[in-house]
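Novice: need coordinates for the below:
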Amino acid sequence: MAETRPNVLFVLTDQERYDYSAPDGPSVETPAMDRLSSEGLRFARAFTPISICSSARASLLTGRFPHGHGMLNNCHEDDALQPNLPPDIETFSEALDAAGYDCTYTGKWHVGRDQTPEDFGFAYLGGSDKHHDDIDEAFREYRERRGTPLGEVDLEAELYTGEDPRDPSEGTFVAATTPVDVEDTRAYFLAERTIDALEAHADGFDTGDGPFFHRADFYGPHHPYVVPEPYASMYDPDEIERPDSYAETYDGKPRVHENYLHYRGVADFDWDLWTEAVAKYRGFVSLIDDQLERVLAALEEYGLAEETVVVHASDHGDFVGGHRQFNKGPLMYDDTYRIPLQVRWPGVVDPGSTCDAPVHLHDLAATFLEIADLEVPDAFDARSLLPVLEAGGDPDAAAGEWPDSVFAQYHGDEFGLYSQRMVRTARYKYVYNGPDVDELYDLEADPAELHNLIDHPGYGDARREMRDRLIAWMDRTDDPNRGWVPAVLERAS
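Specialist: Purely as a prediction, here's the structure:
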């Protein structure tokens, strides 16, 4: 443990896939994320507890699985089961604030229809998106000062879901090229605001103030994938290879998988349309990565790099054509549940280390508290990552036993409400689907998760073991479904 409490810079992206910054992933330019991995530790098996924005972000804040904090779907939608977090639930940010950390926040929030970061110990510094939060006018004023007001630019190469992919009157906006300068993008603006915050924190250190925790939440690479040049043409659609999961037939899968293909409006998307979307998504990832590099450079410029823990993660992933799907939904594939996670901590974390132990996004809540030398509340369903960070990523060398599985859930959104639970080990993934067929995948033999083995006679032992793991987790975390689901699983063949 460091002798003094370090600063923390936490960068959260929105809907970023794990594989795009992984060493064996597609060829996507992410030098800043690669730098964090080479100068710190990369978690190779990090997972979100739920693949939907508000729920995942609420878990990150509270250190609890969604059924523990109650925000089961997106807070801004009409079907929100709980539009705000209950005021009595503990959050890591409020604990840091009470312990003397100067907590600041820029960018996306999306945790509460009527709440803001300032309700949870942060000073909010701007950059909100009108659709999700509409907390302030900072970005709109910034664009007006630059002479490029929001909504007054003509986009190019627009792509939409629906019968006519070029018709903006129907379907969902997928991707486009914007003619504005990079400096006019929200990503650039959020990096600029983050750099301003770092400069202010550096000045605070000169006056003897306490450590800081700054959270920068980028609005991307969530759709629509709208990027300027040079990012719009950085990736050639003709050179993008089909993922193995594109061969999806939905044979033996829950019916909702194919229903979502039609609901999202991409049932008729061919590969040429998907490569156009994937190219823009990759350009969006590289745009954000370049902004992250600007932020990392500012840490060094202000003399903060050596005393600041830098963490990069995403709330969840994105299909971007994987399994021929768009966005996310009730499909618990690694495309949307596996997330990037890198931690750089000079003097504590061994540069270039990798951790293969399975971890959850909301484990960061407990980790941030332990970094600050604070107690982790008993109510947290989170485990601090500090032991593996200090052990070079080796769970066998870390204090205590380390779990060998992760868990997740989904409760439905837009399309209707339903219950899903998932348990994943290094080899197997099991998904409980209350109203439909369950799923079992052998990830060693079928990493693309194409073949549902739930009824395969050769996987009876694996099916039983994974169900037992899920039952034990439901009991351990007080899952409200533990009253009846375990009985169903125990009696199932």
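Novice: need the nearest residue in space to Arg324, chain neighbours excluded.
Specialist: Counting by C-beta to C-beta, 6 or more residues apart in numbering, the nearest residue to Arg324 once its immediate chain neighbours are dropped is Glu248, at 5.5 Å. No exception for glycine: its C-beta is placed from N, CA and C like everyone else's.
Novice: list the contacts for that neighbour?
Specialist: Counting by C-beta atoms under 8 Å, 6 or more residues apart in numbering, Glu248 makes contact with His323, Arg324, Leu450.
Novice: export these as CSV, with columns for neighbour count and pLDDT.
Specialist: Written out in CSV, the entries for those read as follows (neighbours: other C-beta atoms under 10 Å; pLDDT from 0 to 100):
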residue, neighbour count, pLDDT
His323, 24, 98
Arg324, 23, 98
Leu450, 19, 98
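Novice: of those, which is the nearest to Ile371?
Specialist: Nearest to Ile371 out of the contacts of Glu248 is His323 (C-beta to C-beta; 36.9 Å).
Novice: my guess is that closest one meets Asp334, correct?
Specialist: No. His323 lies out of contact with Asp334 (C-beta atoms under 8 Å); the separation is 10.3 Å.
Novice: now list whatever residues contact both of the two.
Specialist: Glu449.
Novice: can you tell me the SS state at the residue lying closest to Met234 once chain neighbours are set aside?
Specialist: Among residues not flanking Met234 along the chain, Gly283 sits closest, at 4.9 Å (C-beta to C-beta, 6+ apart). When classified by DSSP: H, G, I helix; E, B strand; the rest coil, Gly283 comes out as helix.
Novice: tell me how far Gly283 lies from Arg35.
Specialist: Plainly put, Gly283 is 20 Å away from Arg35 if you go by C-beta to C-beta, to the nearest Å.
Novice: of these two, who's got more company?
Specialist: Gly283 (26 against 17; other C-beta atoms under 10 Å).
Novice: Gly40 touches Val343, doesn't it?
Specialist: Yes. Between Gly40 and Val343 there is a contact at 5.2 Å, judged by C-beta under 8 Å.
Novice: list the residues that contact both of these two?
Specialist: Counting by C-beta under 8 Å, 6+ apart, the residues touching both Gly40 and Val343 are Val310, Val349.
Novice: looking at those two now, which is surrounded by more residues?
Specialist: Just comparing Gly40 and Val343: by other C-beta under 10 Å the higher neighbour count belongs to Val343, 28 against 24.
Novice: for that one, list each beta-bridge partner.
Specialist: As for beta bridges, Val343 partners with Leu41, Val311 under DSSP bridges.
Novice: neighbours around the residue nearest to Trp345 when sequence neighbours are not counted, how many?
Specialist: Of all residues not flanking Trp345 in the chain, Val309 sits nearest, at 4.6 Å (C-beta to C-beta, 6+ apart). Using other C-beta under 10 Å, Val309 has 23 neighbouring residues.
Novice: what sits against the residue positioned nearest the centre of the chain?
Specialist: Geometric centre of the chain, nearest residue: Asp315, 1.8 Å, by C-alpha atoms, centre = their mean. Asp315 is in contact with Leu12, Thr13, Asp14, Gln15, Thr48, Cys53, Ala56, Arg57, Leu60, Ile339, Leu361, counting by C-beta under 8 Å, 6+ apart.
Novice: partner strands of the helix or strand encompassing Thr354 and their direction?
Specialist: Using DSSP states H and E, Thr354 sits in strand 353-355. Strand 353-355 pairs in its sheet with strand 41-43 (parallel), by DSSP bridges.
Novice: which residues does the strand it pairs with contact?
Specialist: Against strand 41-43 from outside (C-beta under 8 Å, 6+ apart): 36, 341-344, 349-350, 353-355, 357, 359, 385, 388-389, 392-393.
Novice: quick one, domains of this protein?
Specialist: Split into domains by automatic domain parsing, the chain comes to 7-418, 419-493.
Novice: how far does the shortest one sit from the chain's center?
Specialist: For domain 419-493, the distance from its own C-alpha centre to the chain's C-alpha centre is 23 Å (C-alpha atoms, centre = their mean, to the nearest Å).
Novice: again, but for stretch 9-24
Specialist: Its chain's average C-alpha position is 8 Å from that of stretch 9-24, according to C-alpha atoms, centre = their mean.
Novice: same question, stretch 102-109
Specialist: On C-alpha atoms, centre = their mean, the centre of stretch 102-109 falls 16 Å from that of its chain.
Novice: still on that earlier bit, pick the one among the contacts of Glu248 closest to Tyr235.
Specialist: Nearest to Tyr235 among these, with distances taken as C-beta to C-beta, is Arg324, at 19.7 Å.
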